[in-house]
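Student: Return a 3D structure for these sequence lines:
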Amino acid sequence: MKPTVIIEPHQRRCYVDGSTTALESMLLALNANQYIISATIKAAHKLRVKYDFRYIEFQQVLAIIAIAGVDYKDGFFQHLKYQLYTDADLQARDNLNITPFCCDKVAIRRENL
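Tutor: Numbering: from 1, shown residues only. Here you go, the predicted structure:
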C-alpha cells in the first residue's frame, strides 16, 4: 500500500518598507496570485506569505514585492535567509518526485549487531 503524502504550503516572512498605499497594492498583487494562499502584514512591517512551493519560488514572491514598488530588507543575513528559503523550496519539489521505499521494514546492519 502506497503511503499518502500530505503537502503543506510553505510559510515565509520578510520585512518590507514602503508607503501605506504601496503596501496595500503589494498585498492585493500577492493575494491575487493563484499560487499564494495568503499574504498578511503583521506589526513592524513584517510580511508573512503562505504559498504553494510546487508552483512558485520565494524569489518570485520577492520579484512581485519589488514590482509593486515596495522595498524588502536585503542585508547580508536576509540574503542568506532568502537563499535558504529558495533551496528548501527546490529540495521539497525534488523530494516529491522520489517514490518512497517500504516504510514498515527496518534494515538491520551487521555493524549494529
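Student: I'd like to know how many residues surround the nearest residue to Ser25 once chain neighbours are set aside.
Tutor: Closest residue in space to Ser25, ignoring its immediate chain neighbours: Ala68 at 5.4 Å, by CB to CB, 6 or more residues apart in numbering. Any C-beta I mention is one placed from the backbone N, CA and C, and that applies to glycine too. Ala68 has 18 neighbours, counted by other CB atoms under 10 Å.
Student: Quick check: phi and psi on Ala68?
Tutor: phi -70, psi -10 (degrees, to the nearest 10).
Student: before we move on, what about Glu8?
Tutor: The phi and psi values for Glu8, taken as degrees, to the nearest 10, are phi -100, psi 140.
Student: I'd like the distance between it and Leu96.
Tutor: Separation of Glu8 from Leu96 (CB to CB, to the nearest Å): 12 Å.
Student: ditto for Tyr15
Tutor: Tyr15 sits 30 Å away from Leu96, going by CB to CB.
Student: And the contacts of the host helix or strand of Phe77?
Tutor: Assigned by DSSP states H and E, Phe77 belongs to helix 76-96. Contacts with helix 76-96, where a contact means CB atoms under 8 Å, 6 or more residues apart in numbering, come from 5, 7, 10, 12, 14-15, 53-54, 57-59, 62, 72, 74.
Student: Save the residues you listed as CSV, and put in secondary structure too.
Tutor: Shown next, in CSV, are the contacts of helix 76-96 (DSSP: H, G, I helix; E, B strand; the rest coil):
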residue, secondary structure
Val5, coil
Ile7, coil
His10, strand
Arg12, strand
Cys14, strand
Tyr15, strand
Phe53, coil
Arg54, coil
Glu57, coil
Phe58, helix
Gln59, helix
Leu62, helix
Tyr72, strand
Asp74, coil
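Student: Filter the residues you listed down to the buried ones, PyMOL style.
Tutor: Burial among the contacts of helix 76-96 is assessed by 16 or more other CB atoms under 10 Å; the matching PyMOL selection reads:
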select buried, resi 10+12+14+53+57+58+62+72
